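1. Below are the sequence and a predicted model; questions follow.
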Amino acid sequence: MSASPANGSIRHFTPDIHSEHGEGLTREVASFIVDSATGDLPEELLDVGRKSILDGIGLAIAGSVARSGRIVQDYLVKQNLAGEATVIGTALRVPERFAAFANGIGVHADDYDDTQLAVQEDRVYGLLTHPTAPCLPAALAIAECRDSTGSELSLAYHLGVEVESKIAEAISPRHYQHGFHSTATCGTFASAAATAKLNGLDLDTTLRALAIAASQAAGLRENFGTMTKPFHAGRAAEAGIIAADFATAGWTAADCILESPRGFFQAHGGGYALEAIRGRLGKPWTFIDPGVSIKPHPSGSLTHPGMTTMLDLIVEHDIRPEDVERVAVGTNHNMPNALIHHRPVDELQAKFSMEFCIAILLLERRGGLPEFTDEVVNRDDVKAMIEKIDFGVHPDAEAAGYHKMTTIIDIELTDGRRLSGRADFGKGSPANPMSYEEVADKFFGCVEFARFDIARAKRIVSLVRELEQLDTVRELTALLGQEPALQEVAPANLQP
């Protein structure tokens, strides 16, 4: 192993990971989960975390009215399940694992959820995983059913996110490059960690929960642009709860699942950088350094630097749709590998289409949930504008490194003027963060889109701001359901 992950150097990933240096790594992770206490969380961390928690809840509300949300709700009703955990935005109350599953899909349904940022030059795209989508739904479901305090929920959430993020930092980039979806794979550990903490599991039981979670870690990037991408987050959230439940029941599993030659790091990535995780859990917390980005648009993070720059140029120069002759969008060569839909035909493909994301800003001067619909994607004016967008590799963006999402915009107007802009990261990133108030604005946009009760929404914003002061999480979760909107979907599970 070489190079501290703090210095920005390329790390070396070794397949010889059951050496004396890697031995006991899983136990170290389990000890971090078991031994950490609320007092270990700095206020700076809690401030950032509340923004992502509010963001996640808002996205689950919006996701409840997505087509995937309706399918999930119908599926749960047909199972005739009875439980205490809230499926956010609906009238459904189901067992913990199924609420985590539904809400995990909901948070990730619109690809609008937060993303962990990487700073290493060997890390393609500058991002690693979506930390909140697999973690918060599991933590919230368990905390609701255990009548946990807000402080207990917050601790479990932060431990889950930290474990997920550091595992994602450590595993060889080959994991993602060869097709695994790290939100699905690493996110399973987040759910297991949060559940283990809320259930008060001891060290050995937590070790086994992590191992059981590892054997469920799955999800393939080929499914990006379909409903199966958010399915990954939902299954990760559910799988961690299953893992903790079975470990509690005495189910046996390995005690070295991360570092073993046949374990997670080797099987899923072909190696890992030990120094990215050993002794680094909470040192620093990922939420603080390098930070987590909250999305300003419901599309893949790779589109956001370009969208931020494009919107700035549109407003500054008052660009009208009829003024546009051509727009060139240039990035490093890896970004088109994920933004694969150049002529999208539905809202899910549009989320991974740089051409659509730039076109819709030129036409509407905004790119929110109402713009990412099948109807809008297939409008004639949208299709015509997409034809004016050229998306490809730019040498300057390539030279900037793959740990950034450098995007260069060059606009040719019909009057002969040429305008240009460049950004490495977009609005909502640690370099240009959203305030709590700005996240609340995004939250209310999700609420409006879902036609969720505005009075409840305002109370949710207030409660999350003071989350660690809540004597019971149920004060919050009682506001997350909405019976009238979904009576026609789930009549068998309406709660009084």
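-> Everything's here; your move. Numbers count the residues shown, from 1 in each chain.
2. what pLDDT does residue 402 get?
-> Looking at residue 402, its pLDDT reads 78.
3. With the one 4 residues further on instead?
-> What the model reports as pLDDT for residue 406 is 93.
4. With residue 353 instead?
-> On the pLDDT scale, residue 353 is placed at 96.
5. Now residue 330: which helix or strand?
-> Here residue 330 is covered by strand 324-331, with elements defined by DSSP states H and E.
6. Quick check: nearest residue in space to residue 209, chain neighbours excluded?
-> residue 247 (3.9 Å; Cβ to Cβ, 6 or more residues apart in numbering). For every residue, glycine as well, the C-beta is placed using N, CA and C.
7. Within the helices and strands, which one has that neighbour?
-> Secondary-structure assignment from DSSP H and E places residue 247 in helix 228-248.
8. can you list contacts of the least confident helix or strand in the chain by mean pLDDT?
-> Across the helices and strands of the chain, mean pLDDT, DSSP states H and E gives its lowest value to helix 335-338, namely a mean of 86. Defining contact as Cβ atoms under 8 Å, 6 or more residues apart in numbering, one finds that helix 335-338 is touched by 125, 221, 224, 300, 302, 352, 354, 391-393, 405, 407.
9. quick revisit: the residue nearest to residue 209 and residue 214 touch, don't they?
-> No. Assessed by Cβ atoms under 8 Å, residue 247 is found out of contact with residue 214, at 11.9 Å.
10. what's the helix holding residue 247 packed up against?
-> Packing contacts for helix 228-248, counted by 3 or more Cβ pairs under 8 Å, 6 or more residues apart in numbering; DSSP states H and E, involve helix 67-78, helix 96-108, helix 132-146, helix 182-198, helix 203-214.
11. one more time with 7 Å
-> helix 96-108, helix 132-146, helix 182-198, helix 203-214 (3 or more Cβ pairs under 7 Å, 6 or more residues apart in numbering; DSSP states H and E).
12. Now do the second one: everything it contacts.
-> Judged by Cβ atoms under 7 Å, 6 or more residues apart in numbering, the contacts made with helix 132-146 from elsewhere in the structure are 52-53, 56, 84-86, 96, 99-100, 103-104, 107-108, 113-114, 152-153, 156-157, 160-161, 164, 183, 187-188, 190-191, 194-195, 198-199, 233, 236-237, 240-241, 473-474, 477.
13. What would that helix look like as PDB? C-alpha coordinates only.
-> The C-alpha trace of helix 132-146 is given here as PDB (Å, rounded to 0.1, in the frame of the first residue of the first chain):
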ATOM      1  CA  THR A 132     -28.600   8.500   2.200                       C
ATOM      2  CA  ALA A 133     -30.800   6.300   0.000                       C
ATOM      3  CA  PRO A 134     -29.800   2.900   1.400                       C
ATOM      4  CA  CYS A 135     -29.100   4.200   5.000                       C
ATOM      5  CA  LEU A 136     -31.900   6.600   6.100                       C
ATOM      6  CA  PRO A 137     -34.800   4.300   5.100                       C
ATOM      7  CA  ALA A 138     -33.500   1.500   7.200                       C
ATOM      8  CA  ALA A 139     -32.600   3.700  10.200                       C
ATOM      9  CA  LEU A 140     -35.900   5.500  10.100                       C
ATOM     10  CA  ALA A 141     -38.000   2.300   9.900                       C
ATOM     11  CA  ILE A 142     -36.100   0.700  12.900                       C
ATOM     12  CA  ALA A 143     -36.100   3.900  14.900                       C
ATOM     13  CA  GLU A 144     -39.900   4.300  14.400                       C
ATOM     14  CA  CYS A 145     -40.600   0.800  15.500                       C
ATOM     15  CA  ARG A 146     -38.200   1.000  18.500                       C
END
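14. Can you name the element that comes right after it?
-> The helix or strand immediately downstream of helix 132-146 is helix 150-170, counting by DSSP H and E.
15. Just the buried residues of that following helix, please?
-> 150-170 (16 or more other Cβ atoms under 10 Å).
16. Would you mind giving me the confidence score for the residue nearest to the spatial centre of the chain?
-> Nearest residue to the geometric centre of the chain (Cα atoms, centre = their mean): residue 130, 2.5 Å. pLDDT for residue 130: 95.
17. Over to residue 144?
-> 98.
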